[in-house]
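Novice: Quick one, structure for this:
(one chain, ligands or ions: 1)
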Amino acid sequence: MTDAPRHDAHRNTGTSDEHRAPPVPVLAPADRPTVSFELFPPGTTDGERRLVGTLHALEQARPDFVSVTYGASGRTRVTTRRLVTQILHTTSLTPIAHLTCVDTSRAATVAIIEEFLDAGVRSFLALRGDPPAGQVDWHPHPEGLHTAAQLVEVLRTVEAERCARSAAQVVRGLVKPLSVAVAAFPRGNHATGGTRADDVRALLSKQRAGADFAITQVFFDAPSYLALVAEARDAGVTIPIIPGILPATDPDRLARVGRLTGVDPPRALMERLGGISDPEAQHRAGIGATADLVEAVLAGGAPGIHVYTFNQHRPALDLLAATRLGRLPSNLTASPDHPSVP
Ligand code: FAD
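Specialist: Presented below is the predicted three-dimensional model:
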């Protein structure tokens, strides 16, 4: 684990110039890898209340954006939009709305996109989505879209039609361009039985449809991510691919995510975490293992990291603090009344 120096590295140590330790370089804002967080719309009032504190804590890390998930089959259509607009209007964060299309007609999808755009949302993560869990006789909507690439195309078309209808919309689009992210799968998409080669083909079609960048599914070894990027580049994918990182602080959650995604956490990591009974020590060990993963993907050229927070700020912020991402440049550090930068 990297013992990352922090932004107080230039503190005067009182030693003479000759003996002073060389100053640790502080990353210029443009050189800082991107930091972003995934959140989900809480299902309870208590969850909503706690999320306000989490948003405030995450804000101190000055993330480049936060993304908000969309429940399978549009289950959270209203709550996703509500949370995205809450973030837009009550925080300094830039929200990205996840959107799925597999279970809705094209017309309904267009209406949902219009609702989000009307609410001022300018960034989307376009997904196909999965069939509802456990529904064996499920079929995609007969008048629906079948792939995320088609959804990217529809997002671009809706925006173009809005601009064609209104010159004001053209100006707004120039000031705040529509950005569209997509998903990528370092180990292949297990939910659809796809291999990494299938995913690279899908990623290329998403790029051709107008995707701006990709965020990956969870993975636990840097070579999977680096191989996906290398294969994607060979195939002609040029958009940035941001690794999705799950802080490995909770073995039960790792096991659940493994079952859900088909990406199993390494047995050695599970055994190591499972063998630590003190929750604090387990947390530190998990942060250390995840920090190593983050440093490896950044060293391999990743543009930044997207942290799966599960609406908990402490693992996400501790992870940043344990990596070079905790070394904020002075103009990005917290203001005195918000002093909680890790
Ligand atoms: P697609 O890329 O359309 O892929 C679907 C299938 O078609 C794949 O098997 C793919 O290999 C294949 N395919 C598509 N195009 C091609 C092509 N040109 N050539 C060959 N094969 C092709 N789900 C939710 O319900 N809500 C969320 O908020 C959500 N957020 C997510 C965030 C991230 C970062 C990730 C990685 C996943 C998320 N998911 C979410 C899960 C996602 O919806 C599912 O994994 C879904 O199975 C695939 O979505 P997709 O967008 O990759 O679809």
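Novice: low-scoring stretches of the stretch 201-342 of the chain, by residue?
Specialist: Along the stretch 201-342 of the chain, segments meeting pLDDT under 70 span 327-342.
Novice: Run through the helices of it in chain order.
Specialist: In the stretch 201-342 of the chain, the segments counted as helices under DSSP state H, counting those that start in this stretch are 222-235, 251-261, 267-274, 279-299, 313-321.
Novice: Tell me which of those helices is the most buried.
Specialist: Of all these, helix 313-321 has the most neighbours on average by mean count of other Cβ atoms under 10 Å, namely a mean of 22. Backbone N, C-alpha and C define where each C-beta goes, glycine included.
Novice: what's that helix in contact with?
Specialist: Counting by Cβ atoms under 8 Å, 6 or more residues apart in numbering, helix 313-321 makes contact with 4, 35, 37, 53-54, 57-58, 60-61, 245, 247, 249-250, 283, 286-287, 290-291, 294, 307, 309, 325-326, 342, all of which sit outside it.
Novice: between the helices of the stretch 201-342 of the chain, which gets nearest to Asp103?
Specialist: Comparing the helices of the stretch 201-342 of the chain against Asp103 with Cβ to Cβ, the closest turns out to be helix 251-261 (18.0 Å).
Novice: just checking, what packs against the closest one?
Specialist: helix 267-274 (3 or more Cβ pairs under 8 Å, 6 or more residues apart in numbering; DSSP states H and E).
Novice: Residues in contact with the helix it packs on: which ones?
Specialist: Outside helix 267-274, the residues that touch it by Cβ under 8 Å, 6+ apart are 220, 248, 251, 254-255, 282, 285-286, 289.
Novice: ok now that helix, how far from the chain's centre?
Specialist: If you compare the mean C-alpha spot of helix 267-274 with that of the full chain, they lie 25 Å apart, counting by Cα atoms, centre = their mean, to the nearest Å.
Novice: follow-up on the earlier one: filter the contacts of helix 313-321 down to the ones close to the ligand.
Specialist: When Cβ under 6 Å from any ligand atom is applied, no member of the contacts of helix 313-321 is adjacent to the ligand.
Novice: Strands along this structure, start to end?
Specialist: Under the criterion DSSP state E, the chain contains strands at 34-39, 65-68, 95-100, 123-127, 179-184, 213-216, 241-242, 244-245, 304-308.
Novice: Just give the number of residues close to the residue nearest to Phe185 when sequence neighbours are not counted.
Specialist: Using Cβ to Cβ, 6 or more residues apart in numbering and skipping the chain neighbours, the partner closest in space to Phe185 is Asp199 (4.4 Å). By the other Cβ atoms under 10 Å criterion, the neighbourhood of Asp199 contains 24 residues.
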